[in-house]
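Engineer: Okay, predicted coordinates and the sequence, questions at the end:
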2 protein chains.
Amino acid sequence: MNLKELAAHLGLSQTTVSRALNGYPEVSEATRLRVSYAAEQHNYRPNTRAKGLATGRSMAVGHVIPTSTRHEMVNPVFGDFISGAGETYAQNGYDMVLSMVEDGDQARVYRELKAKGTVDGLIVHGPMTAEPRIGLLRQLGIPFVVHGRSSEETGPYAWLDVNNVSAFQRATDLLLDLGHRRIALLNGIESMDFARRRRAGFERALAARGIPADPDLMHSHEMTENYGYEVAGACLAKDDAPTAFVSSSMIVALGIRRAVEERGLVLGADVSIITHDDDLSYLRNGGEVPLFTATRSSVREAGKLSAQMLLDQIAAADDPGAPAPPLPTRLLEAPLVLGRSTGPCP
Amino acid sequence: MNLKELAAHLGLSQTTVSRALNGYPEVSEATRLRVSYAAEQHNYRPNTRAKGLATGRSMAVGHVIPTSTRHEMVNPVFGDFISGAGETYAQNGYDMVLSMVEDGDQARVYRELKAKGTVDGLIVHGPMTAEPRIGLLRQLGIPFVVHGRSSEETGPYAWLDVNNVSAFQRATDLLLDLGHRRIALLNGIESMDFARRRRAGFERALAARGIPADPDLMHSHEMTENYGYEVAGACLAKDDAPTAFVSSSMIVALGIRRAVEERGLVLGADVSIITHDDDLSYLRNGGEVPLFTATRSSVREAGKLSAQMLLDQIAAADDPGAPAPPLPTRLLEAPLVLGRSTGPCP
DNA sequence: GGCTCGACCCAAAGCGCTTTGGATGTCGCG
DNA sequence: CGCGACATCCAAAGCGCTTTGGGTCGAGCC
């Protein structure tokens, strides 16, 4: 069933039917009712492609996922993020299109997306400290929102980020307050902007108390369970073993815990752990009382908010009357939730 | 840059340019070269919507993700699956569109996708033992492939599944061979078809040796770390504690291991574990020698293959000449890989 | 009564592409 | 030399929708 048929069926012109359905004032309430009833009846939905062709908008938003080992889409946080974003898109009648892309092809794909007119806007995932995609997209003139930030980017751009510095500073502070002095950091890969900021927060807390940051205690790697296990194991085997760990992810923290318990040490007594918790729906941090003391920030919520920021930007972009509003930015705090993995330094 | 402009620029008609670019024989090799060079030069890409309108195909494939708690998109395997599928789509010039949908809205969304013409085909995720979506899609006439199967579905449909029965039967067999007699099953939610089949495999292996399946040892729940920990802990506390566990997921297995080690028991000596391993890229099963003995099947590969099956089906569907080929089905075996989590019954 | 002005509706022109149904020119061959 | 066959290209119709630029008709006003 298409517009033409529906219009014929109603004895109206396509114009009128289209206007009735899209809420234009030039059509009487009576016919509007009649039209929408018939549309419902015949399960009529305007064809997306035709509508897009006519309006110049695609009603779709793109997420380009790098498939390098450095930052796999399969990144466990990714699922939650687009789950949140997808909810917002659905509410606003937008589709979400995903592209898996080899690292080298990034630029090509973005250009193609622009040229083919596939999407009205983009979300940029996993920004590095130096992020060429931002400049490219700005140049291409596509609305976009970065999930995270890029420290070396000087120009303005829309972003939503967790306050990684303050989160890790606070986490480290807590451990220091508990008397810990040798604290290990198990960070993600530090070419990623979030990891760099987390380390900065960690170091800042130490510096505030005049404690030098020991390079031997600061690690950076892809965030796997095994990484947590291996590195924590190695740390604990040393003479001047750390008494506390700060971890960039729940999965890593699980590995650390394994190393701790394997040694017969008790979590929260002999060794403390604070981890960042993205509040992933399939990896919940315990029940009532969280298992791990953690800096918590829902990545699902981040997806929801980023999507809304993008849609707002798109809406503003094709309202030619109004002056372009400033690019939105948003910094989410990650509150520290106390769990059973922290205690005073033995 | 659009076709019209490009044609004008070249002093050719749109027809010729279009044909040159799409490989039709009616155009000389010389002009074809000239055209494709110019297209490259101006970074011309045909507008997807316009092309779709003209051809009646959208060059997009849909994945509808239920967002109920029962089967969250955030299901950790999901990321890997679409990562694999996305690769295939990209290679064939297809886009991938994702829809997050509340459980109740499933039917509405599928109908809408059909009416709006958003996609040329669909992948169905997380089939239940009784799965109404299959009948609906068949009725709507959209090509689709089910990832998994639906036991209570009688009609034909395209699917790709892991041989869950044989995998879990073999796993259980191995434990029995090792002398274990009290074996616990930590399964997923059994309204999901895969879980039902896994239990069937488990029970079949026991039955083959005349061992009755103890209901107290068979559990079914959402597959979280905590579930593994709690249930394994409870099992091990009993007098007639099991000496081995069969688990439906790596994450659950991690929880089981935690419970085991917390009791000072040694994995692979005091207690054995076999888990199913979806070979998730962020949750690797150890290094050279796998941590867990596991039935392994890459969900990423499954995504890749499912996508190909769907594209084949779509291609066949709009070749009106040929008779419709039978719906493809594919059963993947999940080989048993030996790790360090299994040993003879103490 | 004539005129303006809303209210309501319509025909037709695109949006950027593919594809049908020729048109034109070239070449070989009897 | 004339004619069919072939190679090469083109004009225009259409895909399903929105939107511009009117029409028509009745009510209200002077």
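Structural biologist: Good, I have the coordinates.

Engineer: Tell me who's in contact with the residue of the stretch 201-346 of chain A found nearest DNA strand C.
Structural biologist: Of all residues in the stretch 201-346 of chain A, residue A:318 sits closest to DNA strand C, at 14.1 Å by Cβ to the nearest atom of the strand. For every residue, glycine as well, the C-beta is placed using N, CA and C. Contact analysis of residue A:318 by Cβ atoms under 8 Å, 6 or more residues apart in numbering or on different chains lists A:56-57.

Engineer: Quick check: phi and psi on residue A:340?
Structural biologist: In terms of degrees, to the nearest 10, the main-chain angles of residue A:340 are phi -100, psi 10.

Engineer: Provide a list of residues in contact with the nearest residue to it once chain neighbours are set aside.
Structural biologist: Among residues not flanking residue A:340 along the chain, residue A:268 sits closest, at 5.1 Å (Cβ to Cβ, 6 or more residues apart in numbering or on different chains). Contacts were defined as Cβ under 8 Å, 6+ apart; by that measure residue A:268 touches A:340-343.

Engineer: likewise residue A:194?
Structural biologist: A:148, A:161-162, A:164, A:188.

Engineer: hmm, try it at 7 Å
Structural biologist: Residues near residue A:194 by Cβ atoms under 7 Å, 6 or more residues apart in numbering or on different chains: A:148, A:164, A:188.

Engineer: Please convert those residues to a markdown table, extending it with secondary structure.
Structural biologist: Shown next, in a markdown table, are these (DSSP: H, G, I helix; E, B strand; the rest coil):
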| residue | secondary structure |
| --- | --- |
| A:148 | coil |
| A:164 | helix |
| A:188 | coil |
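
Engineer: between these, which has the most around it?
Structural biologist: Among the contacts of residue A:194, the one with the most neighbours (other Cβ atoms under 10 Å in any protein chain shown) is residue A:164, at 26 neighbours.

Engineer: Now do the nearest residue to that one once chain neighbours are set aside against residue A:168, distance only.
Structural biologist: Spatially, and ignoring its direct neighbours in sequence, residue A:164 is nearest to residue A:197 (3.9 Å; Cβ to Cβ, 6+ apart). In this view, residue A:197 and residue A:168 are 8 Å apart by Cβ to Cβ, to the nearest Å.

Engineer: ok, back up a step: just read off the phi/psi values of the residue of the stretch 201-346 of chain A closest to DNA strand C.
Structural biologist: Per-residue torsions, residue A:318: phi -100, psi 30 (degrees, to the nearest 10).

Engineer: same check, this time on residue A:96
Structural biologist: When read as degrees, to the nearest 10, the backbone of residue A:96 gives phi -120, psi 120.

Engineer: So residue A:283: helix, strand or coil?
Structural biologist: coil.

Engineer: I figured it hits residue A:250, correct?
Structural biologist: Yes: under the criterion of Cβ atoms under 7 Å, residue A:283 makes contact with residue A:250 at 5.4 Å.

Engineer: To what extent is whichever residue of the stretch 151-300 of chain A sits closest to chain B buried, counted in neighbours?
Structural biologist: Chain B sits closest to residue A:281 of the stretch 151-300 of chain A, with a gap of 4.3 Å, by Cβ to the nearest Cβ. A total of 21 residues lie near residue A:281 under the criterion other Cβ under 10 Å.

Engineer: re the thing from before, which one of residue A:283 and residue A:250 has more residues nearby?
Structural biologist: Counted by other Cβ under 10 Å, residue A:283 and residue A:250 do not tie: residue A:250 has more neighbours, with 25 against 21.

Engineer: Can you pull out the low-pLDDT segments for chain A?
Structural biologist: Scanning chain A for pLDDT under 70 picks out A:69-74, A:287, A:320-322.

Engineer: buried set for the longest helix belonging to it?
Structural biologist: Determined from DSSP state H, the single longest helix within chain A is helix A:299-317. For helix A:299-317, a neighbour-count test (16 or more other Cβ atoms under 10 Å in any protein chain shown) marks A:299-300, A:302-311, A:313-314, A:317 as buried.

Engineer: quick check, stretch A:113-126 touching chain B?
Structural biologist: Yes: on the criterion Cβ under 7 Å from any Cβ of the partner chain, stretch A:113-126 is in touch with chain B at A:115-118.

Engineer: nope, stretch A:18-27 is what I was after
Structural biologist: No: counting by Cβ under 7 Å from any Cβ, chain B is not contacted by stretch A:18-27; separation bottoms out at 13.2 Å.

Engineer: how long is that stretch from one end to the other?
Structural biologist: Distance across stretch A:18-27, first residue to last, is 10 Å (Cα to Cα, to the nearest Å).

Engineer: what's the spacing between the helix or strand encompassing residue A:231 and its chain's center?
Structural biologist: Per DSSP states H and E: residue A:231 is located in helix A:225-237. Distance of helix A:225-237 from its chain centroid, counting by Cα atoms, centre = their mean, to the nearest Å, is 28 Å.

Engineer: do stretch A:125-139 as well
Structural biologist: Stretch A:125-139 sits 15 Å away from the centroid of its parent chain (Cα atoms, centre = their mean).

Engineer: buried set for that stretch?
Structural biologist: A:125-129, A:131, A:133-134, A:136-137.

Engineer: Equivalent analysis for stretch A:31-47, please.
Structural biologist: Buried residues in stretch A:31-47 (16+ other Cβ under 10 Å): A:32, A:35, A:38-39, A:44-47.

Engineer: how about those residues in CSV, adding distance to residue B:225 and secondary structure?
Structural biologist: Conversion of these to CSV gives the following (distance: Cβ to Cβ, whole Å; DSSP: H, G, I helix; E, B strand; the rest coil):
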residue, distance to residue B:225, secondary structure
A:32, 54, helix
A:35, 54, helix
A:38, 53, helix
A:39, 48, helix
A:44, 47, coil
A:45, 42, coil
A:46, 46, coil
A:47, 46, coil
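
Engineer: and the host helix or strand of residue A:79, what other elements does it pack with?
Structural biologist: For residue A:79, the host element (DSSP H and E) is helix A:76-91. On a contact count with 3 or more Cβ pairs under 7 Å, 6 or more residues apart in numbering or on different chains; DSSP states H and E, helix A:76-91 meets strand A:60-66, strand A:95-101, helix A:299-317, helix B:76-91, strand B:95-101.

Engineer: The second one and chain B, any residue contact?
Structural biologist: In other words, strand A:95-101. Yes: applying Cβ under 7 Å from any Cβ, one finds strand A:95-101 in contact with chain B at A:95-100.

Engineer: I'd like to know which residues of chain A are adjacent to DNA strand D.
Structural biologist: Proximity of chain A to DNA strand D is confined to A:2-4, A:14-15, A:18-19, A:21-22, A:26, A:44, A:46-47, A:50-51, A:53-55 under the rule Cβ under 7 Å from any atom of the strand.

Engineer: still on that earlier bit, how about the longest helix of chain A and chain B, touching?
Structural biologist: No: judged by Cβ under 7 Å from any Cβ, helix A:299-317 stays clear of chain B, getting no closer than 7.6 Å.

Engineer: what about the strands in the stretch 1-150 of chain A?
Structural biologist: A:60-66, A:95-101, A:121-124, A:144-147 (DSSP state E, counting those that start in this stretch).

Engineer: This completes my enquiry, with thanks.
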